[in-house]
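Student: got a structure for you, letters missing:
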Ligand SMILES: [Zn+2]
């Protein structure tokens, strides 16, 4: 949505509130008291009342905490700015654009939206990678192990939504590239530093960051033995080393881009800062695909933050 459409569609507080309410109605309210999802809408109090325990929640409660005193229109302008520009927005800039007196609630709003947790959906390519990092202080006097187990390598998990290209896009994509394996495009990615490759460590990340209905493609590493349990399907494949970059194309593109970016900017990375740098990389990478769908996605994440059905709807 461009700026003109945003100002036409959401010209005032009432229009933003209507859209917000419609979106909350659609995704359903969950009672924070008893967990029921059956509610009445009480128009006199402008709140959802639980049919079971009568607990009431306002339009702004039980959602991502965006600075609940701010008008809905501020949230919508923030959705727009975050999803329509490649430029990174500072809280100071947003405060200036909104003409708001106080910095702190705007900072909270922006950070909550940036950190909004969404789960990856659809088909996910999944693999691990290794980043060269400095030795931890307590490792400096120990003998250096070689290869993947080296103390100079930090382990990461890489997950990327791999989406089939639509038919009409497909023709363009085929002309652009002779590589048939590229006929899937990437959507969102996530990268996490992990301390070990134990199955429990990996599964807990999957549970938190991948939708239950998703399907995972990976190699047949023993760390992935139970990967099928938190998701709908896991398709481990025996992939020879020389083919792994093609078979799991987007995770490998993500890893090599992240390494290039980190090497370009930093000479030595302390392992404790690696996750921060990777968050910055993923944030930028994922913004490439921001647009109208992302505006809606941000709205859904916000309205249905604590809703167990939250990420199944787009
Ligand atoms: Zn209740």
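Tutor: That came through, no problem. The model shown is predicted, which means the values in this text are computed figures rather than measured ones.
Student: near the ion, which residues of the protein?
Tutor: When proximity is defined by C-beta under 5 Å from the ion, the chain lies next to the ion at 31, 33-34, 36, 50, 52-53, 55. All C-beta atoms are positioned from the backbone trio N, CA, C, and that covers glycine.
Student: average pLDDT for stretch 84-94?
Tutor: On average, the pLDDT along stretch 84-94 is 76.
Student: quick one: buried residues of it?
Tutor: For stretch 84-94, a neighbour-count test (16 or more other C-beta atoms under 10 Å) marks 84, 91, 94 as buried.
Student: okay, and for the stretch 101-250 of the chain, where does confidence drop off?
Tutor: 114-117, 137, 139-140, 144, 146-149, 151, 166-182 (pLDDT under 70).
Student: rerun that using 50 as the cut-off
Tutor: Applying pLDDT under 50 to the stretch 101-250 of the chain flags residues 173-174, 176-181.
Student: Tell me which helix or strand the residue in the stretch 151-300 of the chain positioned nearest to the ion sits in.
Tutor: The nearest approach of the stretch 151-300 of the chain to the ion comes at residue 300, 22.5 Å away (C-beta to the ion). Per DSSP states H and E, residue 300 falls inside helix 292-303.
Student: centre of the chain versus that helix, how much separation?
Tutor: The chain centre lies 12 Å from the centre of helix 292-303; the measure is C-alpha atoms, centre = their mean, to the nearest Å.
Student: Also stretch 192-201?
Tutor: Distance, centroid of stretch 192-201 to centroid of chain: 19 Å (C-alpha atoms, centre = their mean).
Student: Quick check: end-to-end length of it?
Tutor: 11 Å (C-alpha to C-alpha, to the nearest Å).
Student: Give the buried residues for it.
Tutor: Judged by neighbour count using 16+ other C-beta under 10 Å, the buried positions of stretch 192-201 are 192-194, 199.
Student: Chain neighbours aside, what residue packs nearest to the residue most central in space within the chain?
Tutor: Nearest to the mean C-alpha position of the chain, by C-alpha atoms, centre = their mean, lies residue 118 at 4.3 Å. Leaving out its chain neighbours, the residue that sits closest to residue 118 by C-beta to C-beta, 6 or more residues apart in numbering is residue 301, at 5.5 Å.
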